[in-house]
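>>> Sharing a model that was predicted from the sequence below.
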Amino acid sequence: MSEKNRDGKRMARERLAVEREKQKAADRRRRALIVGASVVCVLGLAAVIGVVAANAGKDKKSESSGPVVAPSGAQGKDSLAIPVGKDGAKATLTVWEDFRCPACRAFETAYRPTLHELVDSGKLRIEYHLATLIDGNLGGSGSRQAANAAACAQDAGKFRDFHDVLYENQPEETDDAFAGSAKLTGLAGKVKGLDTPAFRTCVDKGTHTAWVVKSNQAFQAGRFSGTPTVLLDGKNIYQDQTMTPAKLKQLVEDANKG
């Protein structure tokens, strides 16, 4: 083979390698855009990345024995709802969530400022229901342990703040970091006044574990499509592909005009 032919083949290989690198870079950018889309202010897009089928997995370690101890101030049927906001609000948002669920975190990231604004103005009341679907689907107990810790925070009057901290520090979906009491009590230090002996005892002993199991059973019985499930005055707004924080705010404003 002539030197000229060898050089030509070498250059062709180099060009092919360059094109392959360009394609890889384009693929990486595309994946980054897909991930970034998970936190845009559209509920339907968030639903794409981590909604867990409601009945696909069941908590293999239910630990349902023992008394069902509802957290302080829990309301609704069987005291399974943790309320945030005043009782007299004219609009009610019902949220079924799992603290290990990435789609739940995406919803929280996009909608939290609007939800806080509406709750603080007295226009919206939120009822949180806790599920443990990721535990059932991927194994572990982080969903259940985090839910119990959130219920312990409710006892201390710190549910909303700790709820937000849990999502801000959510591990990877396959990482069962929330299963450890030390992890949860450590995060309590981020909420002023929560890290107390009473809270630590509640977390360590799993005071509300049976209540969490019952809450998850209620979610399964409801045959919802996954987490998060978000209902505004009974209507599933999570299925609305056009929903945004601004649209949700307008719906709540309209409800308060009546």
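Everything's here; your move.
>>> in the chain, which spans are helices?
In the chain, the helices defined using DSSP state H lie at 3-36, 43-48, 102-120, 133-138, 142-155, 159-168, 181-188, 197-205, 209-222, 245-257.
>>> Can you tell me which of those has the worst average pLDDT?
For the helices of the chain, mean pLDDT drops lowest on helix 43-48, to a mean of 43.
>>> tell me the contacts of Val119?
Counting by C-beta atoms under 8 Å, 6 or more residues apart in numbering, Val119 touches Val84, Gly85, Ala89, Arg125, Ile126. Glycine gets a C-beta too; all of them are placed from N, C-alpha and C.
>>> buried subset of those residues?
Val84, Gly85, Ala89, Arg125, Ile126 (16 or more other C-beta atoms under 10 Å).
>>> so who does the first one touch?
Val84 makes contact with Val119, Arg125, Ile126, Glu127, Tyr128, Phe159, Arg160, according to C-beta under 8 Å, 6+ apart.
>>> let's see it at 7 Å
Val119, Ile126, Tyr128, Phe159, Arg160 (C-beta atoms under 7 Å, 6 or more residues apart in numbering).
>>> Tally up the residues packed near the closest residue to the third one other than its chain neighbours, please.
It refers to Tyr128. Leaving aside its sequence neighbours, Tyr128 sits nearest to Ile82 (C-beta to C-beta, 6 or more residues apart in numbering; 4.5 Å). Ile82 has 27 neighbours, counted by other C-beta atoms under 10 Å.
>>> Please report the distance of Ile82 from Arg144.
Distance of Ile82 to Arg144, given as C-beta to C-beta, to the nearest Å: 15 Å.
>>> same thing with Leu232?
On the measure of C-beta to C-beta, Leu232 and Arg144 end up 27 Å apart.
>>> who's more crowded, the two?
Higher neighbour count among Leu232 and Arg144: Arg144, with 31 against 19, using other C-beta under 10 Å.
>>> so what's the more buried one closest to, chain neighbours aside?
Thr132 (4.7 Å).
>>> What about the nearest residue in space to Thr201 that is not next to it in sequence, how many residues nearby?
Closest residue to Thr201 apart from its sequence neighbours, by C-beta to C-beta, 6+ apart: Thr207 at 7.7 Å. Neighbourhood size, Thr207 [other C-beta under 10 Å]: 20.
>>> Show only the entries of the contacts of Val119 found in strands.
Val84, Arg125, Ile126 (DSSP state E).
>>> Quick check, Pro245 in contact with Tyr111.
Yes - shown here, Pro245 and Tyr111 form a contact pair, counting by C-beta atoms under 7 Å, at 5.4 Å.
>>> Of these two, give the one with the bigger neighbour count.
With neighbours defined as other C-beta under 10 Å, Pro245 and Tyr111 compare such that Tyr111 has more, 23 against 18.
>>> Who are the contact partners of that one?
Per C-beta under 7 Å, 6+ apart, neighbours of Tyr111: Pro245, Leu248.
>>> Quick check, central residue of the protein?
Centroid check for the chain by C-alpha atoms, centre = their mean gives Cys104 as the closest residue, at 2.5 Å.
>>> That residue reaches Glu97, doesn't it?
Yes - using C-beta under 7 Å, Cys104 is in contact with Glu97, at 4.5 Å.
>>> what's the overlap in contacts for these two?
Shared contacts of Cys104 and Glu97 (C-beta under 7 Å, 6+ apart): Thr227, Pro228.
>>> re the thing from before, can you redo the contacts of Val119 as TSV with distance to Cys202 and pLDDT?
As requested, the contacts of Val119 are exported to TSV (distance: C-beta to C-beta, whole Å; pLDDT from 0 to 100):
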residue	distance to Cys202	pLDDT
Val84	19	98
Gly85	23	97
Ala89	28	96
Arg125	25	98
Ile126	22	98
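>>> Farthest pair within those?
Val84 and Ala89 (10.1 Å; C-beta to C-beta).
>>> Looking at the buried ones among the contacts of Val119, which is nearest Gln217?
Using C-beta to C-beta, Ile126 comes nearest to Gln217 of the buried ones among the contacts of Val119, at 21.6 Å.
>>> how far away is that closest one from Trp96?
12 Å.
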